[in-house]
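J.: How does the following fold in three dimensions:
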Amino acid sequence: MVEMSKHMRDSLQNVPSQKIFDFSQFTSTIDDIIQLTIGEPDFNTPEHIKQAGIQAIENNHTHYAPQRGTTGLLKAVSGYLKDTTGVDYDPQTQILVTNGVTEGAFAALNAIVNQGDVVLVPTPTFSIYTADVAIAGGTPVEVDTSPANFRLTPEILKPYLAKYGDRVKAVVVVNPSNPTGVAMNQVELDAIADLVRGKNIFILADEIYSELWYDGQAASITKSLPEQTILVNGLSKSYAMTGWRVGYLAAPKDVVANIFKVHAFAVTDVSTFVQDAAKEALTNGREDYRPMEEAYIKRRDVMKSALSKMGWQCTAPQGAFYIFARIPDFLDQDDEQLAYDMAKKAKVAATPGSYFGKCGEHYIRFSYATALDKIQEAMTRLAKYCADQRK
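T.: Numbering: from 1, shown residues only. Predicted coordinates:
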């Protein structure tokens, strides 16, 4: 029998496995476990947004949508970006509605990466970027940000730019960060922009957590370098719309035109009624995230305080809804092994830090996108687990 699996695309051999989802599937089989793993808001989509989707279905907005996006949503995105970043994107030529940030990033990287191109991926970070680059035939290179407390700085980036030279096609900038919760300010982003300005290097800016920004004013690298930036964003986190699968991409006109080629043949379009709901969110729901943000801040503070008392060294999250905590010396330093043990013995599920890159080893990511009472119970269980390990 011919083994056809040996005759598939070579670059797929370089795609990392989705360990984070394998771990989540394992923990879901444990009774009474408290999940502090995958980053999905525990809130429901705001009612007026749901009603807009329902109304769209009742009005038979169930046919194919324009492949770039409906006129209403494109204009809503343009207005939102103008108000939040100050950048004026033409809704007809510089914006593309995508099937979430995941598809936007995939389409962008597959449109810009040639065989052998290098994409610099600051880590720790969510795994889609390294996978997308590998699928496109490029070389993802992890940029270890741990020496700067998980902040991307010119000093961190310069050696990588020097080492790979003209092979560098793009730098990924996720702000605020998953898994660390670090939120870079505008001065920091300006410095990164200055480093690549005028070079044949794209910035792929993932700002999916841009509304969940707790300290200071939200910043965007699109303000610094719009002519070289591909922005991907969406409504999953700030509007609790993970299941709706809607996002958007913004970039210079000719760049969007080429990314559109990948998008059009991969997904055709985003559901029409979903786009109507997204338009409602960006038009009349600009403040919807605030009650969620207030809840996240309270949860963050409760979790951080509890973890610190147990001996975990915690970053100070400024955005998103994660705490990236250094494993105490008295616990197993193999973060993956520890996470599985915590799940089995403490019935608390939290994600191994190494799943976000090599520099995430010896860390655990705790998500506080779950109810406060569950977080408190999880911290009680974890405190007992830690005390037992000290014996």
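J.: Surely Leu120 is within a helix?
T.: No - applying DSSP: H, G, I helix; E, B strand; the rest coil, one finds Leu120 to be strand, outside a helix.
J.: So what sits opposite it in the bridge?
T.: Beta bridges link Leu120 to Val141, Val171 when assigned by DSSP bridges.
J.: Could you report the pLDDT at it?
T.: Per-residue confidence (pLDDT) for Leu120: 98.
J.: Go ahead and confirm it touches Arg167.
T.: No - applying Cβ atoms under 8 Å, one finds Leu120 not in contact with Arg167, separated by 10.2 Å. Yep, even glycine has a C-beta here, placed from its N, CA and C like the rest.
J.: Packing partners of the helix or strand bottoming out on mean pLDDT in the chain?
T.: Least confident element among the helices and strands of the chain, by mean pLDDT, DSSP states H and E: helix 19-27 (a mean of 88). Contacts defined by 3 or more Cβ pairs under 8 Å, 6 or more residues apart in numbering; DSSP states H and E place helix 19-27 against helix 335-345, strand 348-352.
J.: The same query, at a cut-off of 7 Å, please.
T.: Helices and strands touching helix 19-27, by 3 or more Cβ pairs under 7 Å, 6 or more residues apart in numbering; DSSP states H and E, are strand 348-352.
J.: any idea of the mean pLDDT for the strand it packs on?
T.: 97.
J.: Direction included, what does it pair up with?
T.: Short version: by DSSP bridges, strand 348-352 pairs with strand 34-36 (parallel), strand 363-367 (antiparallel).
J.: which of the residues in the next helix or strand after the first one are buried?
T.: Just to be clear, that refers to strand 34-36. Of the helices and strands lying after strand 34-36 in sequence (DSSP states H and E), the nearest is helix 47-58. In terms of neighbour count (16 or more other Cβ atoms under 10 Å), helix 47-58 has its buried residues at Ile49, Ala52, Gly53, Ala56.
J.: what does the average pLDDT come to for helix 47-58?
T.: The model assigns helix 47-58 a mean pLDDT of 98.
J.: residues in contact with it?
T.: Contact with helix 47-58 is made by Tyr239, Thr272, Phe273, Val274, Asp276, Ala277, Glu280, Ala281, Asn284, Gly285, as judged by Cβ atoms under 7 Å, 6 or more residues apart in numbering.
J.: Now the buried residues of helix 47-58 in CSV, please, with extra columns for distance to Ala325.
T.: Listed next are the buried residues of helix 47-58 as CSV, based on distance: Cβ to Cβ, whole Å:
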residue, distance to Ala325
Ile49, 34
Ala52, 39
Gly53, 37
Ala56, 42
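J.: which among those gets closest to Gln313?
T.: Ile49 (38.8 Å; Cβ to Cβ).
J.: who touches Phe16 in this structure?
T.: Phe isn't right for residue 16; it's Pro. So Pro16 contacts Ser127, Thr130, Ala131 (Cβ under 7 Å, 6+ apart).
J.: Could you report the pLDDT at the residue lying closest to Gly357 once chain neighbours are set aside?
T.: Leaving out its chain neighbours, the residue that sits closest to Gly357 by Cβ to Cβ, 6 or more residues apart in numbering is Thr123, at 2.9 Å. Thr123 is assigned a pLDDT of 96 by the prediction.
J.: wait, doesn't Thr123 sit right on Pro140?
T.: No - applying Cβ atoms under 7 Å as the test, Thr123 and Pro140 come out as separate, 9.8 Å apart.
J.: The two: which is more packed in?
T.: Thr123 (27 against 24; other Cβ atoms under 10 Å).
J.: need the contact list for the more buried one.
T.: Counted by Cβ under 7 Å, 6+ apart, Thr123 has contacts Glu142, Val143, Asp144, Thr145, Phe356, Gly357, Lys358, Cys359, Gly360.
J.: And the residue nearest to the first one when sequence neighbours are not counted, how close does it get to Leu212?
T.: Which is Glu142. Distances taken as Cβ to Cβ, 6+ apart place Thr123 nearest to Glu142, at 4.5 Å, with adjacent residues excluded. Distance of Thr123 to Leu212, computed by Cβ to Cβ, to the nearest Å: 21 Å.
J.: Same question for Asp334.
T.: 31 Å.
J.: Give me the more crowded residue out of these two.
T.: Leu212 (24 against 15).
J.: Show the contacting residues for the more buried one.
T.: Pro176, Lys237, Ser238, Tyr289, Glu293, Tyr296, Gly319, Ala320, Phe321.
J.: Look up how far His61 lies from the second one.
T.: Between Lys237 and His61 the computed distance is 25 Å (Cβ to Cβ).
J.: Alpha carbons only: can I get stretch 176-190 in CSV?
T.: As requested, the backbone C-alpha atoms of stretch 176-190 are provided in CSV (Å, rounded to 0.1, in the frame of the first residue of the first chain):
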residue,chain,number,x,y,z
PRO,A,176,-1.3,43.7,24.6
SER,A,177,0.4,40.3,24.8
ASN,A,178,-0.9,36.8,25.1
PRO,A,179,0.3,35.2,27.4
THR,A,180,2.1,37.9,29.5
GLY,A,181,-0.5,40.7,29.6
VAL,A,182,2.3,43.1,28.8
ALA,A,183,1.1,46.3,27.0
MET,A,184,3.7,48.3,25.3
ASN,A,185,3.2,52.1,25.3
GLN,A,186,3.4,54.4,22.3
VAL,A,187,7.0,55.4,22.9
GLU,A,188,8.1,51.8,23.0
LEU,A,189,6.2,51.1,19.7
ASP,A,190,7.6,54.2,18.1
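J.: What residues of it count as buried?
T.: Buried, per 16+ other Cβ under 10 Å, within stretch 176-190: 176-184, 186, 188-190.
J.: Show me how the record splits the chain into domains.
T.: 4-44+289-390, 63-284 (automatic domain parsing).
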